[in-house]
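Trainee: Here is the input, now give the coordinates:
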Amino acid sequence: QVLLVESGGGLVQAGDSLTLSCRASGGAFAAYAAGWFRQPPGKERDFVAAIKKNGMNKYYVHGTRGRFAISRDNAKNEVYLQMNNLKPEDTATYYCALAADESKLGFGLDSDYDYWGQGIQVTVSS
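Mentor: As a prediction, this is how the structure comes out:
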């Protein structure tokens with residue numbers, strides 16, 4: 001059983017930057033693709049970004065490309081989401097997730113992910 005714990009969230013102002021971290025334990029982190037999802041208040045959870053096991057292929061939802069950057073450090077069992085130029089519409093609970101099968105990673109389907117973190121709040125004030 002893999003345990004994921006997110007950190008780095010908080011309250012920021014529009015235009016600020018924030019980096020979310022997600023640490024995995026209890027499993028072979030490098031054997032999983034990783035992704036970030038977010039759930040705005042009162043809305044469904046949506047795909048944000050994903051990265052393949054080797055860290056070479058990355059996918060982003062339209063609207064965050066150029067502002068957000070996903071990366072991973074397999075030696076530290078961590079995946080990151082660097083968020084720049086944050087906007088109020090980025091306010092959401094952010095979740096990291098791991099997927100054993102990365103063949104459909106670019107589709108951003110939460111059903112493809114096997115393990116999920118508990119989520120962390122990011123609030124962007126205008």
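
Trainee: mind listing the strands for this protein?
Mentor: Shown for the chain, the strands assigned by DSSP state E span residues 3-7, 10-13, 18-25, 33-39, 46-51, 58-60, 68-73, 78-83, 92-99, 115-116, 120-125.

Trainee: Report the beta-bridge partner residues of the residue nearest in space to the middle of the chain.
Mentor: Nearest to the mean C-alpha position of the chain, by CA atoms, centre = their mean, lies W36 at 2.1 Å. Taking DSSP bridges as the rule, W36 bridges to A49, C96.

Trainee: Could you report the separation of C96 from Y113?
Mentor: C96 sits 9 Å away from Y113, going by CB to CB, to the nearest Å. All C-beta atoms are positioned from the backbone trio N, CA, C, and that covers glycine.

Trainee: In terms of packing, which of those two has more residues around it?
Mentor: Neighbour count, other CB atoms under 10 Å: between C96 and Y113, C96 has more, with 29 against 23.

Trainee: Please list all residues in contact with the more buried one.
Mentor: By CB atoms under 8 Å, 6 or more residues apart in numbering, C96 lies in contact with L4, E6, L20, C22, A34, G35, W36, F37, V79, L81, W116, G117.

Trainee: out of the residues you listed, who's nearest E44?
Mentor: Closest to E44 out of the contacts of C96 is F37 (9.9 Å), distances taken as CB to CB.

Trainee: for the nearest residue in space to the closest one that is not next to it in sequence, what are its contacts?
Mentor: Excluding its sequence neighbours, the residue lying closest to F37 (CB to CB, 6 or more residues apart in numbering) is Y95, at 4.7 Å. By CB under 8 Å, 6+ apart, the contact list for Y95 reads E6, W36, F37, R38, Q39, R45, W116, G117, Q118, G119, I120.

Trainee: okay if I get the residues you listed as a markdown table plus distance to R67?
Mentor: Compiled in a markdown table, those are given as follows (distance: CB to CB, whole Å):
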| residue | distance to R67 |
| --- | --- |
| E6 | 19 |
| W36 | 13 |
| F37 | 16 |
| R38 | 13 |
| Q39 | 18 |
| R45 | 19 |
| W116 | 24 |
| G117 | 21 |
| Q118 | 25 |
| G119 | 21 |
| I120 | 18 |
